[in-house]
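Trainee: Provided below are the primary sequence and the corresponding predicted coordinates.
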Amino acid sequence: AQSVTQLDSHVSVSEGTPVLLRCNYSSSYSPSLFWYVQHPNKGLQLLLKYTSAATLVKGINGFEAEFKKSETSFHLTKPSAHMSDAAEYFCVVSDSNPGGSYIPTFGRGTSLIVHP
Amino acid sequence: GAVVSQHPSRVICKSGTSVKIECRSLDFQATTMFWYRQFPKKSLMLMATSNEGSKATYEQGVEKDKFLINHASLTLSTLTVTSAHPEDSSFYICSAIASGRGQRSYGYTFGSGTRLTVV
């Protein structure tokens, strides 16, 4: 079984300050983990993914995430927020073992609000 | 690479009519596609998993006769909302995963979504 918990429903930051969006997961096998971003009335865009290679994953638009197995976490960070980063962010987990479920499980989402 | 095209982006239909939504993988073959429904300010709810050449697997609580899914080729899956009612109004999103390489290469690629409004 797999699950994912996004610890914050909303995160509010000022433009130019760091961003931290938290995600914890549980998985029976070696997980693949993803972060997606969704702008209003748009589809989902892949920011980055972890698939058992380097634990620090760099994505698009300056975002990165670190896979910490001991903490079962995959938090998303960015050093300096931009107004265009305001959106909904989803953490997704999927078991990568062929014998496990490969259907992605979504977190509830975190709304990132960026103030001028 | 790994682009999924979803069409239409918006549709308004009258209550009682049917609406078809298409999901195409443009530059890869997708043996598996997923259909999601998203309610306002909510996460995505998986409706069904569509496998090319076989019947879709529906999640519990999703009406098979209302949400017809067809995955006739490796690049196309369709969702038909039959006899639509206002409560079916929602944002529908498809997702595809590349066959063979799977999620390790592409992850799950999502369409841009379809905003369905039933009046």
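Mentor: Thanks, I have the structure now.
Trainee: which residues of chain B score low on pLDDT?
Mentor: B:1, B:41, B:98-107 (pLDDT under 70).
Trainee: Might one say that A:Y50 is in contact with A:L33?
Mentor: Yes: between A:Y50 and A:L33 there is a contact under Cβ atoms under 8 Å: 4.5 Å. Glycine gets a C-beta too; all of them are placed from N, C-alpha and C.
Trainee: Dig out what the closest residue to B:A84 other than its chain neighbours forms beta bridges with.
Mentor: Once flanking residues are discounted, B:A84 sits nearest to B:V118: 4.5 Å by Cβ to Cβ, 6 or more residues apart in numbering or on different chains. When assigned by DSSP bridges, B:V118 has beta-bridge partners B:C13.
Trainee: show me what contacts B:V118?
Mentor: B:I12, B:C13, B:K14, B:S15, B:A84, B:H85, B:P86, B:E87, B:D88, B:S89 (Cβ atoms under 8 Å, 6 or more residues apart in numbering or on different chains).
Trainee: Could you do A:P79 as well?
Mentor: A:P18, A:G62.
Trainee: swap in B:M47?
Mentor: Per Cβ under 8 Å, 6+ apart, neighbours of B:M47: B:W35, B:Y36, B:R37, B:Y58, B:E59, B:V62, B:F67, B:L79.
Trainee: check contacts around the fourth one.
Mentor: Applying Cβ under 8 Å, 6+ apart, one finds that B:Y58 lies in contact with B:M47, B:A48, B:K64, B:F67.
Trainee: cool, the third one as well?
Mentor: Residues counted as contacts of B:R37 (Cβ under 8 Å, 6+ apart) are B:L44, B:M45, B:M47, B:S90, B:F91, B:Y92, B:I93.
Trainee: Quickly find the element holding it.
Mentor: strand B:32-38 (DSSP states H and E).
Trainee: Which is the succeeding secondary structure element to that strand?
Mentor: Following strand B:32-38 toward the C-terminus (DSSP H and E): strand B:44-51.
Trainee: Check which residues of that next one are buried.
Mentor: Residues B:L44, B:L46, B:M47, B:A48, B:T49, B:S50 are the ones in strand B:44-51 that count as buried (16 or more other Cβ atoms under 10 Å in any protein chain shown).
Trainee: Give me the sheet partners of it and which way each runs.
Mentor: strand B:32-38 (antiparallel), strand B:57-58 (antiparallel).
Trainee: Look at B:S90 and say how many residues are nearby.
Mentor: Residues near B:S90, counting by other Cβ atoms under 10 Å in any protein chain shown, number 19.
Trainee: Oh, that last question was meant for B:G61, not what I typed.
Mentor: 7.
Trainee: Could you do A:L47 as well?
Mentor: Using other Cβ under 10 Å, A:L47 has 23 neighbouring residues.
Trainee: I'd assumed A:Y36 was in contact with it.
Mentor: Yes: using Cβ under 8 Å, A:L47 makes contact with A:Y36 at a distance of 6.3 Å.
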